[in-house]
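*Asks:* sequence below, structure please.
(one chain, ligands or ions: 1)
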Amino acid sequence: MSAQPNTASAKEVLIDVDGVWRYYGDDCAVRDISFQVQRGEVLGFLGPNGAGKTTTMQILTGVLAASRGRVSVAGHDIVDQARRARTHIGYLPEQPPLYPELSVDEYLRYAGKLRGLKGTALAAALADSKTRCGLDDVGRRLIRNLSKGYQQRVGIAQAIIHSPAVVILDEPTVGLDPIQIREIRDLIRELGRDHSVILSTHILPEVQTICDRVLIVNQGELVLDRRLADLDSGESASIIVGLRNAPDLSVLQQLHQIKRISSLAGDRYRIEHDGTPDFAQQFAQFAVDRKWGLFELMTESDSLEAIFIRLTGSDQTTVVNDQAA
Ligand SMILES: Nc1ncnc2c1ncn2[C@@H]1O[C@H](COP(=O)(O)OP(=O)(O)OP(=O)(O)O)[C@@H](O)[C@H]1O
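*Replies:* Next up is the predicted model:
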């Protein structure tokens, strides 16, 4: 199964993921994933539990090796030029790498030194990351005594202390209360102004409120790559049809707007298309002309939730036309 292609743009590509696979033993956790992230984008990386999000994030950051495929960050290969590539990445793992017995200042100074900062540059970076993450008043507090929300801010501060081009956040709001969630989301949006952000999550509203673009992974595969603005346009990109005398599905390739067809119960089919405004009308004409026994046709709402459920639910999908865009 392949994702729909992202809209081309002349912007600078900061992360280039090209045909990445990852096996754990014989189990395939990530399967031929490719995408790019541009400067200034906030990208939501969405998928159900076990979809392969964390594995992908770890490959992007060089923590885990891909079994196959390549990743480059700001033009540097994450394996062959690991040091240079990593200077452009800030990473907040699912379990923030905090030292509870250190104060916020001590910890962030340590994180800055690990990133090669020293002297006045370190002091300036420390002050800047604290201010950006709302930590000015807690520099001397022990991390262990901070609330979970503040600990998460510290985790984000260590991820941005070296002003990386790309910030990767893995499930940054898990375990936070609603107020803390709102604060961390505001902070992430703020980060998106100066950095490219990849936000891994399984929380749909998080993507809707923060991100410019969403990728959906399911069972290790990338099944959607789309701008949020395109989702919000209200234009449905799929229809459900009932066909009593359906042809072989490959026959439908004659309609080049069709991207994918899934078989549903009761002679029904979900047809995803490229958003052509009068697609439903065209399809109805096509089906009637060919006497396919059209008994039902309805357009589907194209909300992120509907798409997520469709793409990550029980999968009987047949890809009919990969190239259609
Ligand atoms: N170290 C490991 N050894 C073996 N299998 C693993 C390992 N890490 C992850 N997996 C498996 O790989 C698949 C993808 O896991 P991953 O943690 O990347 O998914 P995820 O989308 O981040 O899930 P979650 O939202 O639950 O964190 C799962 O089936 C998981 O069980």
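*Asks:* count of neighbours near the closest residue to the ligand within the stretch 101-250 of the chain?
*Replies:* For the stretch 101-250 of the chain, the residue closest to the ligand is His202, as judged by C-beta to the nearest ligand atom, at 5.3 Å. Glycine gets a C-beta too; all of them are placed from N, C-alpha and C. By other C-beta atoms under 10 Å, the residues close to His202 number 18.
*Asks:* repeat that for the one 10 residues further on.
*Replies:* Counted by other C-beta under 10 Å, the residues lying close to Asp212 total 17.
*Asks:* one more: Val214?
*Replies:* 24.
*Asks:* so it: helix, strand or coil?
*Replies:* Judged by DSSP: H, G, I helix; E, B strand; the rest coil, the three-state class of Val214 is strand.
*Asks:* I figured it hits Leu231, correct?
*Replies:* Yes - taking contacts as C-beta atoms under 8 Å, Val214 lies within contact range of Leu231: 7.5 Å.
*Asks:* distance check, Ser250 against Ile261.
*Replies:* 10 Å (C-beta to C-beta, to the nearest Å).
*Asks:* buried set for stretch 103-122?
*Replies:* By neighbour count on 16 or more other C-beta atoms under 10 Å, the buried set for stretch 103-122 is 103-105, 107-109, 111-112, 115, 117, 122.
*Asks:* and for stretch 223-230?
*Replies:* For stretch 223-230, a neighbour-count test (16+ other C-beta under 10 Å) marks 223-226, 228 as buried.
*Asks:* turn these into CSV, including secondary structure and pLDDT.
*Replies:* Compiled in CSV, those are given as follows (DSSP: H, G, I helix; E, B strand; the rest coil; pLDDT from 0 to 100):
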residue, secondary structure, pLDDT
Val223, strand, 89
Leu224, strand, 88
Asp225, strand, 90
Arg226, strand, 87
Leu228, helix, 85
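*Asks:* please produce TSV containing these, extended by distance to Pro96.
*Replies:* As requested, the buried residues of stretch 223-230 are exported to TSV (distance: C-beta to C-beta, whole Å):
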residue	distance to Pro96
Val223	29
Leu224	28
Asp225	28
Arg226	30
Leu228	27
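*Asks:* what confidence value was assigned to Ser301?
*Replies:* On the pLDDT scale, Ser301 is placed at 62.
*Asks:* do the same with the one 4 residues further on
*Replies:* According to the prediction, Glu305 has pLDDT 79.
*Asks:* now do the SS call for it.
*Replies:* At Glu305, secondary structure determined by three-state DSSP is helix.
*Asks:* how far off centre is the helix or strand harbouring Ile168?
*Replies:* Element membership for Ile168, per DSSP states H and E: strand 166-170. Offset of strand 166-170 from its chain centre (C-alpha atoms, centre = their mean, to the nearest Å): 10 Å.
*Asks:* now do that strand, average pLDDT.
*Replies:* Taken as a whole, strand 166-170 carries a mean pLDDT of 93.
*Asks:* following the chain onward from that strand, which element is next?
*Replies:* Toward the C-terminal end, the helix or strand that comes next after strand 166-170 (DSSP H and E) is helix 178-194.
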